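# Sequence first, then the predicted structure:
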Amino acid sequence: MMKPGTLILHAAARFLVPLQLLFSVFLLLRGHNEPGGGFIAGLVASGAFALYLFTFGAAVTRDLMRVDPRNLIGIGLFFGMISVFPALFNGEPLLTAQWWPIMLPGGTEIKLSTPLIFDIGVYFAVFGSVMLMLIALTEAEEH
């Protein structure tokens, strides 16, 4: 069985995991306009959970995730697939980017887009794939 991490690692993980997850969301949201995007954001998020996994073990990490990594891969593929349909509905070529302005209270406008939907799909697929691999390797070592 894997030994639990040190006291310093426990304290660091509880502080760093939320920060890494926030940074991964930042990378995801800015990715279709600037460097970043779903792939690197998914890697950063899985890095956060890998730190938690190495600190507290596979069972605790599975409880924290609440969703099976295989389901995350499926959700990611679903988002990737639905991002192609808005262009088809508008009579444009497959994967042509579509933008929808949305007004928020206070007069702020944000734009939802198919590249963002695709990036969210990549984020979930990468995160699920890496976590599936890491948890499987950790559980194999624990048994």
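Here it is on my side, so go on.

# need the strands for the chain, in chain order.
Here the chain has its strands, by DSSP state E, at 99-103, 109-113.

# out of those, which comes closest to Ala12?
Distance to Ala12, taken as CB to CB, is lowest for strand 109-113 among these, at 34.4 Å. Glycine gets a C-beta too; all of them are placed from N, C-alpha and C.

# helices and strands around the closest one, which ones?
strand 99-103 (3 or more CB pairs under 8 Å, 6 or more residues apart in numbering; DSSP states H and E).

# and the strand it packs on, how far out from the chain's middle?
The chain centre lies 23 Å from the centre of strand 99-103; the measure is CA atoms, centre = their mean, to the nearest Å.

# What strands flank it, and is each parallel or antiparallel?
Strand 99-103 pairs in its sheet with strand 109-113 (antiparallel), by DSSP bridges.

# buried ones in the strand it pairs with?
Along strand 109-113, the positions that meet the burial threshold by neighbour count (16 or more other CB atoms under 10 Å) are Ser113.
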